[in-house]
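In: turn this into a model:
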Amino acid sequence: MKRILTMHDISTIGRASLTICIPVISSFNMQVCPFVTAVLSATTDYKGFEIIDLTNKLEKFILSWKNQNEYFDIFYSGFLGSNIQQKIIEKMFKLFKFDKIIIDPVFADNDMLYPTFDDKIVNGFRSLIKYADIITPNITELKMLAKTKK
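Out: Numbering: from 1, shown residues only. Okay, here's the model as predicted:
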């Protein structure tokens, strides 16, 4: 069974991120290994949502897995809490070899950045997608990554 390190947020309300990834990926007979970037009270389209950023824990998790000789066949990222998390991922790519790297650069929709982000996240994804075998941006994210206008 393939093991897929699935790096996303988890939202209590809203159908997105790990609440969707876990059942869908599992249905393909893969072991989902959740790597939680942030915990949200609701997805970012809800007004007044709350967020707990887990950036300060991520490197400790990675080192723990490395020390335990864990392995993952596939890396799949979605919503990242900050551009610092992008840099942590780049460091992780030096410690683990993945057969496939999938990056979903989740940061914008309808020609607008999500409220938790600024241009640093876009620049960070420009760097991060260089490692990817597959990227899955929506049209807004694609335009921002390519620096094109409407």
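
In: the protein: helices as residue ranges?
Out: 18-26, 55-67, 83-95, 119-128, 139-146 (DSSP state H).

In: among the ones you listed, which comes closest to Leu40?
Out: With C-beta to C-beta as the criterion, Leu40 lies closest to helix 18-26 of these, at 10.6 Å. For the C-beta atoms, the positions are set from N, CA and C on the backbone; glycine is no exception.

In: what does the closest one contact?
Out: Ile4, Thr6, His8, Asp9, Ile10, Ser11, Val32, Pro34, Val36, Tyr76, Gly78 (C-beta atoms under 8 Å, 6 or more residues apart in numbering).

In: export the helices of the chain to TSV and tack on mean neighbour count and distance to Thr44?
Out: Shown next, in TSV, are the helices of the chain (neighbours: other C-beta atoms under 10 Å; distance: least, C-beta to C-beta, whole Å):
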stretch	mean neighbour count	distance to Thr44
helix 18-26	15	14
helix 55-67	13	17
helix 83-95	17	16
helix 119-128	18	12
helix 139-146	16	14
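
In: of the contacts of helix 18-26, just the buried ones, ChimeraX syntax please.
Out: This is the ChimeraX syntax for the buried subset of the contacts of helix 18-26, where burial follows 16 or more other C-beta atoms under 10 Å:
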select :4,6,8,9,10,11,32,36,76,78
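
In: now, the most widely separated pair of the contacts of helix 18-26?
Out: Ile4 and Ser11 (19.7 Å).

In: so where's the chain shaky on pLDDT?
Out: 148-150 (pLDDT under 70).

In: partners of Ile135 in the sheet?
Out: Ile103 (DSSP bridges).
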